[in-house]
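Asker: the following comprises the amino acid sequence and a computationally predicted model.
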Amino acid sequence: MPVKPKKTMRAKKATKAKKVKKPAAKATAKKAKKAKKPAVKKSAKKSVAKKSRAKTVKKHKQSKRQPANKLVKKVAKKRTTKKPTKKTAWKISPEISQSIFQIDTWKKGDLQIEHLKVYRSGWIIVDQLPDLGGYNPDEGINIFEEFEFDEHQLHDGSKGASIFPNELPAEERERLLALSEEELEEEGWTLESVTRFKGPLLVEQV
């Protein structure tokens with residue numbers, strides 16, 4: 001009989017030890033929970049801050065792009081509203097065929113040789129309308145002296161008469177006619193060329 005009470009005491013001590021251990025475990029769990037909660041809050045704050053920064057960056061980028069698009073539209077409107085300016089020009093040509101004469105005058109000292117060339121048709125283009133009030137159709141006009149032009153054409157030229165000085169013999173005349181312009185220059189001859197429009201002139205706007 002005395003042995004039974006000893007067993008009950010040990011059992012009671014064991015149960016007491018078990019009861020004491022349980023609150024310690026709960027305390028550590030609560031501490032762990034409390035320690036973990038602030039870390040979660042901080043990370044959440046950081047993510048919110050990142051999102052807000054990303055939003056502000058996007059807003060800034062959009063605000064910069066909008067004025068650029070407006071400027072491009074304004075420039076495009078200005079370009080479309082501008083109309084290309086048309087340049088006025090006039091074409092001058094003789095009304096009658098074979099009224100263009102080119103006279104080449106070769107000079108050497110007191111000697112002078114003239115070569116005449118006649119063109120069937122031709123024209124020049126000028127930027128300003130010329131004043132032809134004092135034009136004499138019989139005398140004609142030297143186009144290279146009286147007009148300023150960048151473009152001209154002469155068609156179907158044919159050689160005419162050549163005028164030599166009387167002191168040159170026939171053999172010398174034939175020899176000079178056979179020479180080229182370069183060969184005449186090498187012998188000391190200089191060239192002066194005149195191109196004249198004669199007769200009534202036709203002026204057309206192009």
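Answerer: Arrived safely, thanks for sending.

Asker: from residue 206, how far off is residue 174?
Answerer: Residue 174 sits 45 Å away from residue 206, taking Cβ to Cβ, to the nearest Å as the criterion. (Glycine included, C-beta is placed from N, CA and C.)

Asker: swap in residue 118?
Answerer: 25 Å.

Asker: which one's more surrounded, these two?
Answerer: Using other Cβ atoms under 10 Å, the more surrounded residue of residue 118 and residue 206 is residue 118, with 15 against 9.

Asker: bridging residues for the more buried one?
Answerer: For residue 118, the beta-bridge partners under DSSP bridges are residue 101, residue 158.

Asker: tell me the pLDDT at it?
Answerer: Confidence at residue 118, expressed as pLDDT, is 96.

Asker: now residue 149
Answerer: 89.

Asker: how about the strands in the chain?
Answerer: Using DSSP state E, the strands of the chain run over residues 90-94, 100-108, 111-126, 141-142, 149-163, 190-197, 201-205.

Asker: now render the ones you listed as a markdown table, adding distance to residue 179.
Answerer: Formatted as a markdown table, those follow (distance: least, Cβ to Cβ, whole Å):
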| stretch | distance to residue 179 |
| --- | --- |
| strand 90-94 | 31 |
| strand 100-108 | 10 |
| strand 111-126 | 11 |
| strand 141-142 | 26 |
| strand 149-163 | 12 |
| strand 190-197 | 12 |
| strand 201-205 | 35 |
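
Asker: where does the chain dip in pLDDT?
Answerer: Scanning the chain for pLDDT under 70 picks out the ranges 1-86.

Asker: now do the domain split for it, please.
Answerer: For the chain, the structural domains run 1-83, 90-205, going by automatic domain parsing.

Asker: what's across from residue 153 in the sheet?
Answerer: residue 123.

Asker: can you pull out the helices in the protein?
Answerer: Counting by DSSP state H, one finds helices in the chain at the ranges 3-81, 143-146, 170-178, 181-186.

Asker: could you export the third one as PDB, CA atoms only?
Answerer: What follows is helix 170-178 as a C-alpha-only set of coordinates in PDB (Å, rounded to 0.1, in the frame of the first residue of the first chain):
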ATOM      1  CA  ALA A 170      43.100  83.500-153.400                       C
ATOM      2  CA  GLU A 171      45.500  80.800-152.200                       C
ATOM      3  CA  GLU A 172      45.800  82.300-148.700                       C
ATOM      4  CA  ARG A 173      42.100  82.600-148.500                       C
ATOM      5  CA  GLU A 174      41.600  78.900-149.200                       C
ATOM      6  CA  ARG A 175      44.300  78.000-146.800                       C
ATOM      7  CA  LEU A 176      42.700  80.000-144.000                       C
ATOM      8  CA  LEU A 177      39.300  78.500-144.700                       C
ATOM      9  CA  ALA A 178      40.700  75.000-144.300                       C
END
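
Asker: could you check the angle it makes with strand 100-108?
Answerer: Taking axes from the mean of the first three to the mean of the last three Cα atoms, to 10 degrees, one finds helix 170-178 and strand 100-108 inclined to each other by 120 degrees.
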